[in-house]
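1. Pasting the sequence and the predicted coordinates here, then a few questions.
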Amino acid sequence: SSSDNDTTAAAAKCVVALLTKGHANPCMLDSHDRPAYYLTKNDTVRNAFRKARFELGEEIWDWTDGAKVGPPLSNDDIKNKREKAAEKKRKQKARQKERKALEQKRLAEEELRVQQEQEKKEQEENSRRIRAGLKPKPSGCSETVCDFCLLDCEGKRKSQLFSRLDFLYCSSDCMRKHQRELMAAAATARFSG
């Protein structure tokens, strides 16, 4: 949150002021023999210690062994670090955008492939129906449509319909009528052939 950022920025300014203007010793240890730099959890405050190290120079304190402060940071170093972080973030967003575009393209291709498979399946089904002497099913109809009279059997499950030769019928009457038509077509084919 913004109050945490304000507090962190104030703490960093305080550290720089204490070290550069107040000549506070960063090598002082607490009751557990830990220097102040070791106790800071925030990178902004840690960078303030490193910035003070840069401003004061290496001779004034034992920065590495006594204070355990990281390498010195100049304002240019901090600026470069921010620019690198911003560039890294831009590249990451660009990669994320590219991945999203590829995923959308893949999904669109998958959707097109599924649609083409569905159309092919419907064409094969309609060809099979025509060979069996039935009318093609209208597209988008449910699975519980009678294959003979094309009546939608709402409220019935597929298992409740009559079936014969991979076809579903709403009644035994439709099933018998279709069977008679198939037998008549076969007889006609025998006599004319």
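-> Good, I have the coordinates. Since the structure is predicted, the reported quantities are computational estimates derived from the model, not experimental observations.
2. Can you pull out the residues in contact with the helix or strand residue 47 falls within?
-> In this assignment (DSSP states H and E), residue 47 forms part of helix 43-56. Applying CB atoms under 8 Å, 6 or more residues apart in numbering, the external contacts of helix 43-56 come out as 8-9, 11-13, 15-16, 19-20, 26, 36-37, 40, 61, 63, 67, 69-75, 77-78. In short, each C-beta sits where N, CA and C put it, glycine included.
3. can you give me phi and psi for the closest residue to residue 26 other than its chain neighbours?
-> Sequence neighbours aside, residue 67 is the residue nearest to residue 26 in space, at 3.8 Å (criterion: CB to CB, 6 or more residues apart in numbering). With angles defined as degrees, to the nearest 10, residue 67 sits at phi -90, psi -10.
4. And residue 67, how far from residue 16?
-> Plainly put, residue 67 is 14 Å away from residue 16 if you go by CB to CB, to the nearest Å.
5. Could you check which of the two is surrounded by more residues?
-> Remark: of residue 67 and residue 16, residue 67 carries more neighbours, 22 against 18, as counted by other CB atoms under 10 Å.
6. Can you tell me how far that one is from residue 44?
-> For residue 67 relative to residue 44 (CB to CB), the value is 18 Å.
7. Now do the longest helix seen in the chain against helix 43-56, angle only.
-> Of all the segments of type helix in the chain, defined by DSSP state H, the longest one is helix 75-131. Interaxial angle, helix 75-131 versus helix 43-56 (axes from the mean of the first three to the mean of the last three CA atoms, to 10 degrees): 150 degrees.
8. State the next helix or strand along the chain beyond helix 75-131.
-> From helix 75-131 onward toward the C-terminus, using DSSP H and E, the following helix or strand is strand 162-164.
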